[in-house]
Structures are given as C-alpha cells and as structure tokens.
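Chemist: Sequence plus the predicted model coming up.
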Amino acid sequence: MSTTPAPALGPAHTALLVMDFQPAILAGLPEGDREALLGRVEGAIADVRAGGGTIAHVRVGFTEADWDAIPDTNKSFAPVAQHRVMHHEDPAAALHDRLAPRDGDIVVRKTRYGALSTTDLDERLRERGITTLVVSGITTSGVVLSTVIDAADRDYRLYVLSDGVADPNAEVHDVLLHQVFPSRAHLIDTAELRTLFRTG
C-alpha cells in the first residue's frame, strides 16, 4: 500500500485506536461494507493484542451536562445538543460487541470529533510510554481526520489503517487517504499491520 516501507512497530510503544465503532455511526455505512470493516478491525485488534500492543477504544456520547455546554456557534454539534442524540447510555452509542474492550484496554468517551481534544487519552497513552498510534475509525472525514491532525501536532508517530477506516462519502474518503493523510502518517493496511508487528 505504501510507496515507501513503513518503519516496523515497537509493540511496547504502540497503541491501536479503535474509534467510533458504535451502532449509530456504523448505520451510516452499507451493511456489507459494515460487516467487512468490523471483521478487518477485529483482526487488527487481535494482531495488536497478540503482539503486545495497547488497544484504545474511543466512543462519542453525551450527558445532559455535555449537551447543555455545547454553544450554538458549534455548527457540527449544536444540532446534536438540540435533538439530544447519542446519549452516553443509549445502546446506539455503545461500543460494538465484536470489538468489545478487555481488561487492560484504554476506554474513553468524547464529546467532539477528535479522540484527544475532550478526553484524557493523550495523558493515558503517555503514561504507558506510547509514542506510536495506529488509527482506525468511522468516519474518515470525522474522527479520523480530527485525530490524525491533532495527534500529528502532538508528535506521535502515526499510521492510518487504510482498510480500517470508512466514510459514507467515498470521494472524500479517497482524497483524505491519498492526498491529506500521507503528509502526517504512514498509510498501511491490516495485512501490513500484522507484518510490521511480527518484524518490530
């Protein structure tokens, strides 16, 4: 997938981010695509676990206080607050059963697009000595884009799983993968992830 070989991964310093794999968000993808994506990410989680890496689960969900704190100026999230969607206890906002966290995983709940801006994820990763992030998630133009830009600014070494991210808009997805992310991250697929963990 990559034009130049990606550096091997050091498991002790690597975390796989599994972001927004929630029923309400997965529903935006065609069913066949959804199932195939879940299968690939499920395999990536297994590979990272087996290699001794960290899994960090990220989901979006709101409390009443979170909704009340969203200003009308926020074009993306003001409607979320207005319509009171994605309550953190709603089953539609839960992590998908196939990708369920295990003991030792990191789990955070966010209230904006990015995985880092409204959570303590950065602090928790650094406490574990994590310097490298492998990014998977839905959507490419939402959580993935925001997290890649933020994490790059925080000096993480970044890998984006090309077949572990998805977006309802195929054109936007392709532009981000091939024209935006390569300046900030190594682009790999799940098969390359497995190889990089074996050789790291």
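Modeler: That came through fine. Numbering: from 1, shown residues only.

Chemist: how much space between Ser117 and Thr147?
Modeler: Distance of Ser117 to Thr147, given as CB to CB, to the nearest Å: 9 Å. Just so you know, the C-beta spots here come from the backbone N, C-alpha and C atoms, and that holds for glycine as well.

Chemist: name the element the closest residue to Tyr156 other than its chain neighbours belongs to?
Modeler: Excluding the flanking residues, the one nearest Tyr156 by CB to CB, 6 or more residues apart in numbering is Leu133, at 4.9 Å. Under the criterion of DSSP states H and E, Leu133 resides in strand 132-138.

Chemist: and after that strand, which helix or strand comes next?
Modeler: Downstream of strand 132-138, the first helix or strand assigned by DSSP H and E is helix 145-153.

Chemist: Packing partners of that following helix?
Modeler: Under the contact definition 3 or more CB pairs under 8 Å, 6 or more residues apart in numbering; DSSP states H and E, helix 145-153 sits against strand 132-138, strand 157-166.

Chemist: list the buried ones in it?
Modeler: The neighbour-count check on helix 145-153 (16 or more other CB atoms under 10 Å) flags 145-152 as buried.

Chemist: do the same with stretch 94-105
Modeler: For stretch 94-105, burial by neighbour count (16+ other CB under 10 Å) applies to 94-96, 99, 105.

Chemist: quick revisit: partner strands of the strand holding Leu133, with direction?
Modeler: Using DSSP bridges, strand 132-138 pairs in its sheet with strand 14-19 (parallel), strand 157-166 (parallel).

Chemist: so what does the very next helix or strand once past the last one touch, helix or strand wise?
Modeler: Same thing as strand 157-166. As assigned by DSSP H and E, the chain's next helix or strand after strand 157-166 is helix 170-175. Counting contacts by 3+ CB pairs under 8 Å, 6+ apart, helix 170-175 is packed against no other helix or strand.

Chemist: For helix 170-175, list every residue counted as buried.
Modeler: By neighbour count with 16+ other CB under 10 Å, helix 170-175 contains the buried residues His173.

Chemist: For that helix, list the C-alpha coordinates in PDB.
Modeler: Extracted C-alpha coordinates of helix 170-175, given in PDB (Å, rounded to 0.1, in the frame of the first residue of the first chain):
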ATOM      1  CA  ALA A 170     -16.200   7.600  -1.000                       C
ATOM      2  CA  GLU A 171     -14.800  10.600  -2.800                       C
ATOM      3  CA  VAL A 172     -13.900  12.400   0.500                       C
ATOM      4  CA  HIS A 173     -12.500   9.200   1.900                       C
ATOM      5  CA  ASP A 174     -10.200   8.800  -1.100                       C
ATOM      6  CA  VAL A 175      -8.900  12.400  -1.000                       C
END
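
Chemist: what residues does the helix or strand of the chain with the lowest mean pLDDT touch?
Modeler: Scoring the helices and strands of the chain by mean pLDDT, DSSP states H and E places helix 190-199 at the bottom, with a mean of 86. Residues from elsewhere that reach helix 190-199, judged by CB atoms under 8 Å, 6 or more residues apart in numbering: 1-2, 6-9, 11, 40-41, 43-44, 47-48, 50-51, 53, 134, 159, 161, 163-164, 188.
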